[in-house]
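*Asks:* Turn this into a structure:
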Amino acid sequence: MFFQTASESFGGGSKMLLRLIRDIDKERFDVTVLSQFEDELCRRLDLEEATVTIVPYRGALDVYDKGLLRHPIHKKFASLGRLLQFNIEARETLSDADVIWCDCLRSVLTIAPYGTISPTPVILNIGLGYESTGIRRALNTAALTVADHVFIESDHQARRLFTERQYRNNREKFTIFHKGIDTSEFCPKESASKDDELHVGTAATITPRKGHEYFVEAASRILKERDYVRFSIAGDVTSEGDREYERMLKQRIEREGIGDRVQFRGWIDDMPAYLNELDVFVLSSLNEGIPGAVREALAMEVPVVATDVGGTADVVIDGETGYLVESEDSEQLATAIERLLEDRERRERFGKAGRKRIVDEFSIEQYVNRYEEFLSRVA
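*Replies:* Numbers count the residues shown, from 1 in each chain. Alright, predicted model coming up:
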């Protein structure tokens, strides 16, 4: 049973789960998806692929964007009551499962009442995760207690998110799981790019964590000397709180006078086609697990410039498949991008090395096979 906290956005984590569910061996695994409302992931699943069960978050539990942490004390108690109600309403689905997979900290804590008393193995899948500071330290400790296994993208990420004591006491629970890329879908095609106009792009949700302002600053630096380069920002705003950030970015672009060379592309349905347009892919994030967009770009033979955060260095090999730079440093970012823009042979060499790395280490086939082996072993 895959328990996901549904979202209005259909981001990288949802896409990865959809790929996994569609590709897993249906003769060996009977898949159920538990969700609190029908989101895009649920809508895209066919009956042959999974059974979708909806158990709503009710009352005080039906709060998002870290709202539960901001509840006053009486609301926190109400949330606990609603959490118990959820476990009662979901009991039949939970008790039918041989393995319960939870997509995030909130999901595993939501089924904690059942998971604590049941012998059914519980997997906590960590995407970005939360560092163990303040109240999240206690929440992470609780989640690690409930979970029998923790899927994480890198040892570096585990050490960053958890305290030394949390890491040491639960080290045997951690399993490194790199998400997979469909290398048949993300496969380079002959590019229409011309030598007299190079295209640099990024793809990420419009939110401060993704550091888009540093991408814009780097673009401004580059365009002072290279007016033949165009820049694209693919991605949309997924929360009202990020609207102001988007406005700030657009105002900065206009203030710098580069509006004709920097384009917001919004949500991209055909990501392989978008990546195929690019000569260089950039990710200027302040925090990541191992970003899916970077793996997709490398699969498309597009060299990458990315900030050295989270587990990005596990996939971007500095000087071989792209360049790693410090976060919050637009000058370093611009310099690395320019090194690729000025050398076509280097771009092609890095691109081919990047695709080979994805095929060898991060393919969807390897990802699904590892999941099947693991689930069979713990069930």
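*Asks:* So which residues of the chain form strands?
*Replies:* Secondary structure of the chain by DSSP state E: the strands cover 2-4, 32-35, 51-54, 100-102, 122-125, 149-152, 174-176, 198-203, 229-234, 262-266, 280-283, 304-307, 322-325.
*Asks:* Could you provide the ones you listed in JSON lines, with additional columns for mean pLDDT, mean neighbour count and distance to Glu164?
*Replies:* Quick note: C-beta positions are derived from backbone N, CA and C, even for glycine. Below are the strands of the chain laid out as JSON lines (pLDDT from 0 to 100; neighbours: other Cβ atoms under 10 Å; distance: least, Cβ to Cβ, whole Å):
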{"stretch": "strand 2-4", "mean pLDDT": "97", "mean neighbour count": "24", "distance to Glu164": "29"}
{"stretch": "strand 32-35", "mean pLDDT": "97", "mean neighbour count": "22", "distance to Glu164": "34"}
{"stretch": "strand 51-54", "mean pLDDT": "97", "mean neighbour count": "16", "distance to Glu164": "39"}
{"stretch": "strand 100-102", "mean pLDDT": "98", "mean neighbour count": "26", "distance to Glu164": "24"}
{"stretch": "strand 122-125", "mean pLDDT": "97", "mean neighbour count": "26", "distance to Glu164": "19"}
{"stretch": "strand 149-152", "mean pLDDT": "96", "mean neighbour count": "22", "distance to Glu164": "16"}
{"stretch": "strand 174-176", "mean pLDDT": "93", "mean neighbour count": "15", "distance to Glu164": "14"}
{"stretch": "strand 198-203", "mean pLDDT": "97", "mean neighbour count": "24", "distance to Glu164": "34"}
{"stretch": "strand 229-234", "mean pLDDT": "98", "mean neighbour count": "21", "distance to Glu164": "38"}
{"stretch": "strand 262-266", "mean pLDDT": "96", "mean neighbour count": "16", "distance to Glu164": "42"}
{"stretch": "strand 280-283", "mean pLDDT": "98", "mean neighbour count": "28", "distance to Glu164": "29"}
{"stretch": "strand 304-307", "mean pLDDT": "98", "mean neighbour count": "28", "distance to Glu164": "25"}
{"stretch": "strand 322-325", "mean pLDDT": "98", "mean neighbour count": "24", "distance to Glu164": "26"}
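*Asks:* nearest residue to Asn169 other than its sequence neighbours?
*Replies:* Spatially, and ignoring its direct neighbours in sequence, Asn169 is nearest to Leu144 (7.7 Å; Cβ to Cβ, 6 or more residues apart in numbering).
*Asks:* from what I can see the one you found touches Arg168, true?
*Replies:* No: applying Cβ atoms under 8 Å as the test, Leu144 and Arg168 come out as separate, 11.3 Å apart.
*Asks:* For the closest residue to Arg82 other than its chain neighbours, grab the count of nearby residues.
*Replies:* Residue nearest to Arg82 in three dimensions, not counting chain neighbours: Leu61, with 3.7 Å by Cβ to Cβ, 6+ apart. Residues near Leu61, counting by other Cβ atoms under 10 Å, number 20.
*Asks:* quick one: contacts for Leu61?
*Replies:* With contact taken as Cβ atoms under 8 Å, 6 or more residues apart in numbering, Leu61 is in contact with 68, 79, 82-83, 85-86, 110.
*Asks:* Report the buried members of those.
*Replies:* Neighbour-count burial within the contacts of Leu61 applies to 68, 79, 82-83, 85-86, 110; the criterion is 16 or more other Cβ atoms under 10 Å.
*Asks:* remind me which residues of this protein are low pLDDT?
*Replies:* The model of the chain has pLDDT under 70 over residues 191-195.
*Asks:* Domain-wise, how is it divided?
*Replies:* Residue ranges for the structural domains of the chain, counted by automatic domain parsing, are given in the record as 2-55+90-179+363-378, 198-361.
*Asks:* quick one: which of those domains is nearest Glu190?
*Replies:* Taking Cβ to Cβ as the criterion, domain 198-361 is the member of those that comes nearest to Glu190, at 8.7 Å.
*Asks:* So what's the gap between that closest one and the chain middle?
*Replies:* Relative to its chain's centre, domain 198-361 lies at 15 Å (Cα atoms, centre = their mean, to the nearest Å).
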